[in-house]
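Chemist: Please find the sequence and the predicted model below.
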Amino acid sequence: MVCTGCNATGPCSTLYRCKECWRHPPLCKKCVVTTHTGNPLHIVEEWTHQRGFWKRQTLAELGMVIHLGDHGGDTCYSTVSGTREICVVNLHGIQQAYVRFCGCRMASQAPQHDHIQLLEVGLWPATWKTPRTAFSIEVLDDFRRASTQGNITAQDYMMARVRQTDGVLPKAAKDRYREFLVATREYQFLKMCMRKGVQPSGSLVYGSLANMCPACPHIAINICQEWSTRTEDKQYLDALYHAVDGNFTQNMKDKGSDEHDLPLTLGSAYFANEHDAKQYFAAMPPPKTEASNCNKFGAMGYYGHWGSVSGLVGLSCARHMFVLPGGGVDLKVGETWAAVDFLMLSGLQNWMRLKLHISAYDINCQYRLHFYERLAAIQAKFFDEQKSSLKSVHQFSFPATRAAVGKFHEPAHKLECRLEYSFHYLPGAGQTDGEAPERIWAATTFLGLRTREMSPGHRHDTINFFHDDMNWRKTYGIAAHLTKKFCEAKRYQSESSAYLAELESEIMGSGLPADILEVWETTKRNWDQHLIDVGKPTELESLKARSTEDVLKLVGLLDIIREGIELQELRSVCLSVTLQLSLMTLHCRACLILQLSRKSSGWTDEKIAEIQEGFSKRVGVWSKAADSSLQTFVAVAMDSLSQERRVAVYKEVRTKNASLAGGSRTTQRSRACVEDLLAVEICLPSSYPRDVQRHESVVEAAKLEKDLRQAHADDALDEVRAHLASSYGMYLHLKKAVTQKMKTRSSGPAQCIRSAVYAAADVYRRARVAMVSLGMNDADSTYRPLKKQDLKAFVVREEDRRLGDSKNLKQSWIWGDLTFVNNDLSEGVKTHIIGHLRVHWCRTKARAERWEEEMELVKTEMTRTIRFFAFYAHLWERRADESSNGGSASYARK
């Protein structure tokens, strides 16, 4: 083999190639060192004829010396020190390098320090005096990305570099894990300072390293000029939406550590000032387990905790999931009020001048009970003579605050809390769900496995670095995020408003009092004002569940105990009209078959025979009337058909006759009776195909049947609605049953109601099939297919609310007609159903208002985001113009 670099005339016994270079040609030792003056840390491979394979080598082992300074890689003859061996960690692994530092003096000054010369060539020194270990900037950036995106620990990352160096004997590589921990901590801190344009020091300004939310209001940066003069109903547009929550996976083991180990980001990032926190908690009494008038929550101390730090409580933007500056406090036990109070004071300093805050906390119903009393005590303790003894807390007066519980945590609270602290009903909440911290904790769960082993200062720095990366990623995606929210708000705002208008139109057209909506509107307005005016006594008005006996009395005229609906269909009508008599007979047969198929073996043969005999008599009466009128008309139409078509029609009629009958499964005892019933043919115009129905002799009868079928369908839907509306109290009573005896007693009437619903639904389905056969469009908007999932009432009880209901705008289509309220119902049933309608209207109204607010909020947030970026673009341009350092000016323009 011949060296391709120096064009040697003869073969070389030893050749080298660099796989990091493009096309890595074989070179001799001299050429490979010379060509790598600009890439001295590449890894090369050595080939010898005796060995017969490529062996890994470093350029330092071939005599490469890295000359620092502005000499183009040549030796500096002014150096005062010899060649120094340095351990370098880069993306190629861990290797030794020989370095000569430049000793040239600049303008009669001392030579540049060694660490400065290393930084100029992209190497980060492990120590700042006589460094003997360095890390490439590329490896530090690579670890930062792997750590924040993939939760890779420093130990795992260094082990990967060790195995990259020597996968067979990893212990042969030098251990630089501890130096790597220090270097990454320093590098990421300076990276934060560079991004914010802040000069690094040990006493940085509060929040100076935190990345702010572009869409949230910032006074003098992006807030609307009219924010201070807005009316109360529009103040939510300039409010800060913040959320609080604790995370007990972010704990710290109780082990010895340096008590002087303070974070580099002391009080300037996402944790409250550590000195202030220490002073604050030293002055506060020992925490106690607070009593709860709701449920016993683990966050209040009803839970076991361990470690010198049991977790942390954090503060974030509730609408865009940005971590707020100074919004993190370590917990010693549960989420004590003292810790959360200090968190609120520290994290909300920048927004104390706003007119309104909207606060989310999963135990807000307890936290807000004595919040202002505790705040007054804190102010008296730490604020004296117009000066605060806490360095990072200067304002103790909070603006008006509307408090709520996150939508995910809301079901864990009692009914009173779910009503008073719900984002669904809170004016100005929009579609805020209050669960932003939960999403942040989900991303930091694995981070807790790393930070619990760290010292206090290192732990805070690492969490700050992670939160800063999260905030930056959200800053990059804020435009797309707001665009998605705008499209969603535009869609659901339109749909919710349209559904509210449709519902109000149905209510006004249902025959209810003309001023009923005004009364409901006044009631809702008073309740909204109560939610806004924090501290007023609670006076709840809700629909209470009725007992089983009450419900049975209310629906007495509907006779819910009887199964089947044949007696409901066979009412006192004019039996002299042949068509109406035939229609009732057909329904009677269908109901008998359905009843026989559902009954148990408790029915005796005598009872079945009695039923069949009664039905046969009814069929006989109908047949005599039909033969003399209806069948005569049909015969005329059939005579107009061909012989082949008549045979097909008769076959189709027999098939349709069986399908309209009803039930299918029967017991062995009732099978014979069912077969006899199925053998009876009750042929109406709907039983025949369309060409028979259109014949001039049958068309009038078909029209009459269609009208009667439509009346039956309307009656059946009214039955379904009435039973569903009345069943709420029954099922709540069943849910509250404790003993088996109570459950058995409650389940019977509840099952009767459900059976009545299914029976009425069957009547509607049979009527609809006949109407379609008679020419009704199958896609008719009034008489739609009635599916099982349509047989449900609108949500009345708060415990029946589910996540996502804000986007599930429409209820079952059967509630599009409310005229059934004025049907022949008892006053008790009517009052009960009107109460349900009132609740449904209030929730629909609140949902429409929340989407309207969401639309306005997103528009305002878009405007604020544009102003935010414009403000900081101008700020960085000014910094670039004012900077005397070329590198700083270049970065500012970038």
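Modeler: All right, it came through fine. Numbering: from 1, shown residues only.
Chemist: can you count the residues close to His370?
Modeler: Neighbours of His370 under the rule other CB atoms under 10 Å: 12. Any C-beta I mention is one placed from the backbone N, CA and C, and that applies to glycine too.
Chemist: Please read the previous query as pertaining to Tyr758.
Modeler: 17.
Chemist: Identify the residues contacting it.
Modeler: Tyr758 is in contact with Leu791, counting by CB atoms under 8 Å, 6 or more residues apart in numbering.
Chemist: would it count as being in a strand?
Modeler: No: assessed with DSSP: H, G, I helix; E, B strand; the rest coil, Tyr758 is helix; it does not lie in a strand.
Chemist: and the gap between it and His723?
Modeler: 9 Å (CB to CB, to the nearest Å).
Chemist: cool, and Phe143?
Modeler: For Phe143, the distance to His723 - CB to CB - is 66 Å.
Chemist: got it, and His36?
Modeler: For His36 relative to His723 (CB to CB), the value is 87 Å.
Chemist: Of the two, give the one with the bigger neighbour count.
Modeler: His723 (25 against 21).
Chemist: Please give the element, helix or strand, for the more buried one.
Modeler: Element membership of His723, judged by DSSP states H and E, is helix 699-735.
Chemist: Which helix in this structure has the most residues?
Modeler: helix 827-882 (DSSP state H).
Chemist: Helix 699-735 and that one, what's the angle between them?
Modeler: 80 degrees (axes from the mean of the first three to the mean of the last three CA atoms, to 10 degrees).
Chemist: Kindly calculate the angle that the very next helix or strand once past helix 827-882 makes with helix 827-882.
Modeler: Downstream of helix 827-882, the next assigned helix or strand under DSSP H and E is helix 886-893. Calculated by the same axes, to 10 degrees, helix 886-893 forms an angle of 150 degrees with helix 827-882.
Chemist: Tell me the buried residues in helix 886-893?
Modeler: 891-892 (16 or more other CB atoms under 10 Å).
Chemist: and if you look at stretch 856-865?
Modeler: Of all the residues in stretch 856-865, those buried under the rule 16+ other CB under 10 Å are 856-858, 860-862, 864-865.
Chemist: next one: stretch 405-420
Modeler: Neighbour-count burial for stretch 405-420 [16+ other CB under 10 Å]: 405-407, 409-410, 413, 417-420.
Chemist: Give me the mean pLDDT for the longest helix of the chain.
Modeler: Average pLDDT, helix 827-882: 89.
Chemist: Which other helices and strands does it contact?
Modeler: Contacts defined by 3 or more CB pairs under 8 Å, 6 or more residues apart in numbering; DSSP states H and E place helix 827-882 against helix 478-508, helix 516-532, helix 548-554, helix 699-735, helix 886-893.
Chemist: Would you single out the least confident of those?
Modeler: When I compare the helices and strands packed on helix 827-882, helix 548-554 is least confident, with a mean of 38.
Chemist: related to what we said a few turns ago, among the helices and strands packed on helix 827-882, show me which one is buried the most.
Modeler: Per-stretch averages of neighbours, counted by mean count of other CB atoms under 10 Å, single out helix 699-735 among these, with a mean of 20.
Chemist: what about that helix, distance to the chain center?
Modeler: 38 Å (CA atoms, centre = their mean, to the nearest Å).
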